[in-house]
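**Q** Just need the structure, nothing else, for what follows:
(3 chains)
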Amino acid sequence: MTFPLDTIFYVGEAIGVLAFTVAGVLAGVRKRLDAVGVVVIAFLTALGGGTLRDVLLDRRPFFWVAHEEWVWVVIVLGITGSIFMRARHFEPTFRAIQWPDAIGLGLFAASGTQIALDAGSTPLIATLMGVVTAAFGGMIRDILVNDIPWVVASYQLYAIIAFAGGWLVWLIGALGAAPALAVGIGAIAITLTRMLAIVFNWQLPNWRINDHTGVINLPN
Amino acid sequence: MTFPLDTIFYVGEAIGVLAFTVAGVLAGVRKRLDAVGVVVIAFLTALGGGTLRDVLLDRRPFFWVAHEEWVWVVIVLGITGSIFMRARHFEPTFRAIQWPDAIGLGLFAASGTQIALDAGSTPLIATLMGVVTAAFGGMIRDILVNDIPWVVASYQLYAIIAFAGGWLVWLIGALGAAPALAVGIGAIAITLTRMLAIVFNWQLPNWRINDHTGVINLPN
Amino acid sequence: MTFPLDTIFYVGEAIGVLAFTVAGVLAGVRKRLDAVGVVVIAFLTALGGGTLRDVLLDRRPFFWVAHEEWVWVVIVLGITGSIFMRARHFEPTFRAIQWPDAIGLGLFAASGTQIALDAGSTPLIATLMGVVTAAFGGMIRDILVNDIPWVVASYQLYAIIAFAGGWLVWLIGALGAAPALAVGIGAIAITLTRMLAIVFNWQLPNWRINDHTGVINLPN
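**A** Numbering: from 1, shown residues only, chains lettered A, B, ... in the order given. Next up, the predicted model:
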């Protein structure tokens, strides 16, 4: 039984899109966007990073044009998710968004890196493309709702894990492993590291010198 | 006497650009941007959506590069409009922006959809490109002046009308009508529906459960 | 001894990237972004404008892909700059950012204009591409940290100097001078004019009719 690379990528993309769509719907509902707004923010969160990567690499068609089902998934999840949460007066916490987001981070960073390597990018550019794929959607999401993007201001280990994981994907491939294996290991490593960072609240060194504990808690 | 498709598109584009430029100038003046800022916001409002559509569809040259007169129109209207409004202490209301905006919405959504269909897009992608053409400029305008984009947070029927109208453009064309006819009918249908939505304050279901009336008034 | 055009452009690009990186690091530190955030904002400030220009002109590879050293410069300066400023409790003022920024403005506007002219753009489009190259990075920087972009709301002479300087680059070239000479003169003219505008606080006519002096001071 073989798992061709395209299938691996497709399944990974599916999980990543689902995870980021859920994260986007939660963010839109928390900010009380209307139904159109929830779909737009879910779309940008889930597909914005990969779209920018494809524009930067000059790849056409976009992955969501080639796989139009993602667009339907985002639209349907955006509408049903917002109706469901409204009906149940469900108030998603910021922390609840973190878990699906960690899965999306790993899958998008690893696959984005590999896609850029396949397109001939150097390791540095490819890793940056992985970070763009994984983190740009969330940046746009935060800018849209008028927040300073969490990814640049939270002191959490987030983009930096994606960056390190991209180098891991490149290294494994450079050692001779199949790309699908490199992406799989990279994605798992990024997601697990990110989950550990959430659990133990690992942080970047911070500036807030008035904070006596030296720890910044996750907003809830 | 014939009206070739290019001419129809050109005239529609002219009206749409004028309408969105006026909407952009009004928004910039309300936010007290300087003269450069009014021109920039007018440019982004009028030409930003079509530019993103062209980037996504990989079309070159951009429509405002092929028709450089739009750029001059935006620059001249931006400067004269801001001088005039300043001299008269004219305070444009939000509602005043809505009417030219409705015309731009119809023309840009319908023509954007048809341009994407001509480029080989599926109906779903083409409709989304129509929405991007019509609504992205306004999103960028609001982000630039640090507002949550009205299009995702107003509970007004706006992007959803453009979305429905895009499907109408596709349907009319699929039934065998000439593209110019499809665009014309689609543009009129979108603009009229949007104007009715303004007049009757039609809204998306809203979350604001503390609001006893269930109605959100347009900001003025 | 000859200075081929590529070398001139390369040196100019180097100085511009350094100047804008410093401006970006200062802005990120002032807003208390984390280390990743400082690198991201430095990257966008220094390389964002040229990237958008290349996307709009459909040029590949991007200048920072062709010259990967810029990416390393931005990463290293971003990290060391934020460590240094944190260790010294250094509080950069807004005015301190203005001087390197003026150098970047001149170099990026002049070289961006010439690059667009080389790509076949008309003078108007080329000048706009110069303005995009020089000013878009700063706009994105401000949007990222949730400010209304200084370039559209400060009443300072900034983008308009870049715009005028772009026409100067075109004019000198049209009179028969070598492109490198046109870029050099244009860059110096823009930078000097901008520095004079800072020193003498030259301003665009302003709207703030309650301001008795008619002068808006630079924020410090």
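**Q** tally of neighbours for whatever residue of chain A ends up closest to chain B?
**A** Among all residues of chain A, A:G37 sits closest to chain B, at 3.1 Å; criterion: CB to the nearest CB. For glycine as for every other residue, the C-beta is placed from the backbone atoms N, C-alpha and C. A:G37 has 27 neighbouring residues, counting by other CB atoms under 10 Å in any protein chain shown.
**Q** How about the one 3 residues further on?
**A** Neighbourhood size, A:V40 [other CB under 10 Å]: 26.
**Q** per-residue pLDDT, it?
**A** Confidence at A:V40, expressed as pLDDT, is 95.
**Q** what's next to stretch A:137-149, contact-wise?
**A** A:20, A:23-24, A:27-28, A:31, A:33, A:40-41, A:44-50, A:101, A:150-152, B:139, B:143, B:146-149, B:152, C:31, C:33, C:37, C:143-146 (CB atoms under 8 Å, 6 or more residues apart in numbering or on different chains).
**Q** on that earlier part again, these two touch, right, the residue of chain A closest to chain B and A:V29?
**A** No. Using CB atoms under 8 Å, A:G37 is not in contact with A:V29, being 9.7 Å away.
**Q** picking up where we left off before, before we move on, what SS does the residue of chain A closest to chain B have?
**A** helix (DSSP: H, G, I helix; E, B strand; the rest coil).
**Q** Could you check how far the closest residue in space to it that isn't next to it in sequence is from chain C?
**A** Leaving aside its sequence neighbours, A:G37 sits nearest to B:V152 (CB to CB, 6 or more residues apart in numbering or on different chains; 3.1 Å). Applying CB to the nearest CB, to the nearest Å, the value for B:V152 to chain C is 16 Å.
**Q** my guess is B:V152 is in a helix, correct?
**A** Yes. Per three-state DSSP, B:V152 lies within a helix segment.
**Q** OK, contacts around it?
**A** A:G28, A:L33, A:D34, A:V36, A:G37, A:V40, A:I41, A:L144, B:M139, B:A159.
**Q** And it, how far from B:T93?
**A** 22 Å (CB to CB, to the nearest Å).
**Q** Tell me which entries of the contacts of stretch A:137-149 lie within strands.
**A** Taking DSSP state E, every one of the contacts of stretch A:137-149 sits outside strands.
**Q** could you flag which of those are buried?
**A** A:20, A:23-24, A:27-28, A:31, A:33, A:40-41, A:44-50, A:101, A:150-152, B:139, B:143, B:148-149, B:152, C:31, C:33, C:37, C:143-145 (16 or more other CB atoms under 10 Å in any protein chain shown).
**Q** Tell me both backbone torsions, phi and psi, for A:E68.
**A** Torsion angles at A:E68 (phi, psi; degrees, to the nearest 10) stand at phi -60, psi -20.
**Q** Kindly report the same for A:I148.
**A** Main-chain torsions, A:I148, degrees, to the nearest 10: phi -70, psi 130.
**Q** how about the residues of chain A near chain C?
**A** A:55-56, A:58, A:121-122, A:124-125, A:128, A:139, A:143, A:146-149, A:151-156, A:158-160, A:204-209 (CB under 8 Å from any CB of the partner chain).
**Q** which residues touch the residue of chain A closest to chain B?
**A** So A:G37 contacts A:G28, B:P149, B:V151, B:V152, B:A153 (CB under 8 Å, 6+ apart).
**Q** wait, which of these is closest to chain C?
**A** Once CB to the nearest CB is applied, the member of the contacts of A:G37 that ends up nearest chain C is B:P149, at 12.4 Å.
**Q** how long is stretch A:60-71 from one end to the other?
**A** One end of stretch A:60-71 sits 16 Å from the other (CA to CA, to the nearest Å).
**Q** what secondary structure does the nearest residue to A:R53 once chain neighbours are set aside sit in?
**A** Leaving aside its sequence neighbours, A:R53 sits nearest to A:T133 (CB to CB, 6+ apart; 4.6 Å). For A:T133, the assignment made with three-state DSSP gives helix.
**Q** Also A:P205?
**A** Applying three-state DSSP: A:P205 is coil.
**Q** Can you report how many residues lie near it?
**A** 11.
**Q** these two touch, right, it and C:A35?
**A** Yes. With contacts counted by CB under 8 Å, A:P205 reaches C:A35, the gap being 6.9 Å.
**Q** coming back round to it: I figured the residue nearest to A:R53 hits A:G112, correct?
**A** Yes. Contact status for A:T133 versus A:G112: in contact at 2.9 Å, counting by CB under 8 Å.
**Q** Can you point out the buried residues in the helix or strand hosting A:L196?
**A** Using DSSP states H and E, the element containing A:L196 is helix A:179-200. By 16+ other CB under 10 Å, the buried positions in helix A:179-200 come out as A:179-180, A:182-187, A:189-191, A:193-195, A:197-198.
**Q** Report the spatially closest residue to A:G106, excluding sequence-adjacent ones.
**A** Using CB to CB, 6+ apart, the closest residue to A:G106 is A:T191 (3.3 Å).
**Q** whoops, A:M85 was the one
**A** Nearest to A:M85 is A:V29, by CB to CB, 6+ apart, at 5.0 Å.
**Q** Identify the bridge partners of A:Q203.
**A** A:Q156 (DSSP bridges).
**Q** Isn't it up against A:Q156?
**A** Yes. Assessed by CB under 8 Å, A:Q203 is found in contact with A:Q156 at 6.4 Å.
**Q** For these two, indicate the residue with more neighbours.
**A** A direct count of neighbours by other CB under 10 Å for A:Q203 and A:Q156 places A:Q156 higher, at 22 against 17.
**Q** Tell me, what's the model's pLDDT at that one?
**A** A:Q156 is given a pLDDT of 89.
**Q** Report the contact partners of it.
**A** Taking CB under 8 Å, 6+ apart as the criterion, A:Q156 is in contact with A:W150, A:A197, A:I198, A:W202, A:Q203, A:L204, A:L218, C:D34.
**Q** and what of A:I161?
**A** Applying CB under 8 Å, 6+ apart, the residues near A:I161 are A:L105, A:I190, A:T193, A:R194, A:A197.
**Q** Leaving out sequence neighbours, find the closest residue to the fourth one.
**A** Closest residue to A:R194 apart from its sequence neighbours, by CB to CB, 6+ apart: A:A102 at 4.2 Å.
**Q** Kindly report the same for the first one.
**A** The shortest distance from A:L105 to any non-neighbouring residue, by CB to CB, 6+ apart, is to A:A134 (4.9 Å).
**Q** what's around the one you found, how many residues?
**A** Look at A:A134: counted by other CB under 10 Å, it has 35 neighbours.
**Q** Check whether it really touches A:I103, as I assumed.
**A** No. If you go by CB under 8 Å, A:A134 and A:I103 don't touch, sitting 10.8 Å apart.
**Q** and which of the contacts of B:V152 is nearest to chain C?
**A** A:L144 (10.8 Å).
**Q** What parts of chain A come near chain B?
**A** Residues of chain A lying near chain B (CB under 8 Å from any CB): A:28-29, A:31-37, A:40-41, A:51, A:55, A:58, A:60, A:62, A:65, A:68, A:71-72, A:86, A:89, A:143-146.
**Q** where exactly do the helices run in chain A?
**A** With helices called from DSSP state H, chain A shows them at A:5-30, A:35-57, A:63-66, A:69-87, A:94-118, A:123-144, A:150-153, A:159-174, A:179-200.
**Q** got JSON lines for these, with distance to C:V11 too?
**A** Formatted as JSON lines, the helices of chain A follow (distance: least, CB to CB, whole Å):
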{"stretch": "helix A:5-30", "distance to C:V11": "42"}
{"stretch": "helix A:35-57", "distance to C:V11": "26"}
{"stretch": "helix A:63-66", "distance to C:V11": "39"}
{"stretch": "helix A:69-87", "distance to C:V11": "45"}
{"stretch": "helix A:94-118", "distance to C:V11": "29"}
{"stretch": "helix A:123-144", "distance to C:V11": "23"}
{"stretch": "helix A:150-153", "distance to C:V11": "31"}
{"stretch": "helix A:159-174", "distance to C:V11": "30"}
{"stretch": "helix A:179-200", "distance to C:V11": "38"}
